[in-house]
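Novice: pasting the sequence and the predicted model now:
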Amino acid sequence: MTTNASRRVRVEDLERVANRIKRFAFVPIDGLPLPIFSPGAHVIVTMRDGTRAWRNPYSLMSSPLDTSCYQISVLRVDDTRGGSAYMHERVLKGSTLEINEPVNLFPIDRTGRKHILIAGGIGITPFLAMIAQFKHDKTNFELHYAVRSLEEGAYCNLLCGNDASSVFVYRSDKGQRIPLVQILENQPLGTHLYVCGPQRMIDWTLQTAKEEGWPKENVHYEHFDAPPPGREFVVKLAKSQREIIVGEHQSILEALEQAGVDAPYLCRGGACGQCVTAISDARGRILHNDHYLSDDEKRCGGRIATCVSRMDGGSLTLDL
């Protein structure tokens, strides 16, 4: 029950843009135009190795004004489950991959008079597409980008060279920090705030905006979590009377897909709620890792986001 069909693409270009980050450019194999997308959109990239497949979400960083190719950036994660290692070590120029059509869970609010972007690390990628749109529309924006160092931060030279008056880079190796309170004070009415980066940065930004009296509807964020590893457990499907083992390094969603179950998903990062499934019974502790369910819903234990959440051993019965 995926929301759109996959499309085969070829890697037209790739380059290392920081110590642990590579940029990939995709073009369609069938020669047909790639779908139009809006800034903030992401695609699911499917990587296959024999019978195993990884499906990871990546923000589109290329300009939405030019869909002759799509571009993404991939961070090589130290404790990778396989996807980022595959992209960095196995994918070459000319390689073929599968992508789903773009989905946008992090859109620009077009009513905004001004837009403030707060980025950390790989969280810069959706903002590159947004900036291209802002420049085309002559929209007022500011980017505040935190990096560990110039070697660790992707696209610093590009950003600072093209529009230095609206782009501010802060280097941890020089003791620099985003002056968030100062930035959020005295902004014109109708300003919107966007944040993408590590969870600590997102939490800090959201809390600071709340303390500074920003309307909730003017604050936007995006963060995709990788499914964390854990103890093996059993998923029971109430409707089909099947039992499926979820491995230590699998998500529930991946185990269901491997078993041939057509399970719903959209973002695969715990953000959208598309994969949330009703729980009939839980024998053990549920580990909720998503950003969609409320704290009350998590305490109730009636639903689970199968893309990132799991059991701490035991078994789980789903309404599937």
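Specialist: Yep, it's here. Numbers count the residues shown, from 1 in each chain.
Novice: by mean pLDDT, which helix or strand of the chain comes out lowest?
Specialist: Here the helix or strand of the chain ranked lowest by mean pLDDT, DSSP states H and E is helix 156-162, holding a mean of 79.
Novice: who does it touch, helix- and strand-wise?
Specialist: Here helix 156-162 touches strand 140-147, strand 167-171, going by 3 or more Cβ pairs under 8 Å, 6 or more residues apart in numbering; DSSP states H and E. Quick note: C-beta positions are derived from backbone N, CA and C, even for glycine.
Novice: end to end on stretch 83-97, go ahead and measure it.
Specialist: Stretch 83-97 has an end-to-end distance of 12 Å (Cα to Cα, to the nearest Å).
Novice: how about that stretch: buried residues?
Specialist: Across stretch 83-97, burial judged by 16 or more other Cβ atoms under 10 Å covers 83, 84, 85, 86, 87, 88, 91, 97.
Novice: so where do the helices sit in the stretch 151-300 of the chain?
Specialist: Residue ranges of the helices in the stretch 151-300 of the chain, as given by DSSP state H, counting those that start in this stretch, are 156-162, 180-184, 199-211, 252-258, 295-300.
Novice: which outside residues touch the shortest one?
Specialist: In this case it means helix 180-184. With contacts defined as Cβ atoms under 8 Å, 6 or more residues apart in numbering, helix 180-184 is touched by 116, 118, 142, 144, 193, 204, 205, 208, 209, 212, 214.
Novice: number of residues surrounding the fifth one?
Specialist: Neighbouring residues of residue 193 were enumerated by other Cβ atoms under 10 Å; the total is 26.
Novice: one more: the third one?
Specialist: Using other Cβ under 10 Å, residue 142 has 16 neighbouring residues.
Novice: ok so, going back, from the buried residues of stretch 83-97, which land in helices?
Specialist: With DSSP state H as the criterion, helices contain 83, 84, 85, 86, 87, 88 from among these.
Novice: give me every residue that touches the closest residue to the second one other than its chain neighbours.
Specialist: Taking Cβ to Cβ, 6 or more residues apart in numbering, and ignoring the residues beside it in sequence, residue 84 has residue 77 as its nearest neighbour in space, at 4.6 Å. Taking Cβ under 8 Å, 6+ apart as the definition of contact, the neighbours of residue 77 are 84, 85, 226.
Novice: distance of residue 63 relative to residue 234?
Specialist: Applying Cβ to Cβ, to the nearest Å, the value for residue 63 to residue 234 is 47 Å.
Novice: report the distance from the least confident helix or strand of the chain to the chain centre.
Specialist: Computed by Cα atoms, centre = their mean, to the nearest Å, the chain-centroid distance of helix 156-162 equals 23 Å.
Novice: same question for stretch 309-316.
Specialist: Put simply, stretch 309-316 sits 24 Å off its chain's centre (Cα atoms, centre = their mean).
Novice: quote the end-to-end distance of that stretch.
Specialist: End residues of stretch 309-316 are separated by 11 Å (Cα to Cα).
Novice: also stretch 289-307?
Specialist: This stretch, stretch 289-307, spans 9 Å end to end (Cα to Cα).
Novice: would you mind listing the buried residues in it?
Specialist: By neighbour count with 16+ other Cβ under 10 Å, stretch 289-307 contains the buried residues 289, 290, 291, 292, 293, 298, 303, 304, 305, 306, 307.
Novice: can you give the contact residues for stretch 99-110?
Specialist: Stretch 99-110 is contacted from outside by 2-7, 9, 26, 35, 37-46, 59-60, 70, 115, 126, 130, 133, 192, 194, 196, 218, 220-222, 266-267, 271-272, using Cβ under 8 Å, 6+ apart.
Novice: which ChimeraX command selects the buried ones in those?
Specialist: In ChimeraX, a selection of the buried entries from those looks like this (16+ other Cβ under 10 Å):
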select :6,7,9,26,35,37,38,39,40,41,42,43,44,45,46,59,60,70,115,126,130,133,192,194,196,218,220,221,222,266,267,271,272
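Novice: hang on, the earlier thing: what's the most buried one of the helices and strands packed on helix 156-162?
Specialist: Comparing these by mean neighbour count (mean count of other Cβ atoms under 10 Å), strand 140-147 ranks first with a mean of 21.
Novice: give the pairing partners of that one; include direction for each.
Specialist: Strand pairing for strand 140-147, using DSSP bridges, gives strand 114-120 (parallel), strand 167-171 (parallel).
Novice: which other residues reach that strand?
Specialist: The contact list for strand 140-147 (Cβ under 8 Å, 6+ apart) reads 113-121, 124, 127, 130-131, 134, 153, 156, 159, 166-172, 177-178, 180, 183, 197, 201.
Novice: distance from that strand to the middle of the chain?
Specialist: 19 Å.
Novice: and it with helix 199-211, angle?
Specialist: Angle between the axes of strand 140-147 and helix 199-211 is 140 degrees (criterion: axes from the mean of the first three to the mean of the last three Cα atoms, to 10 degrees).
Novice: averaged pLDDT, strand 140-147. What do you get?
Specialist: Mean pLDDT, strand 140-147: 96.
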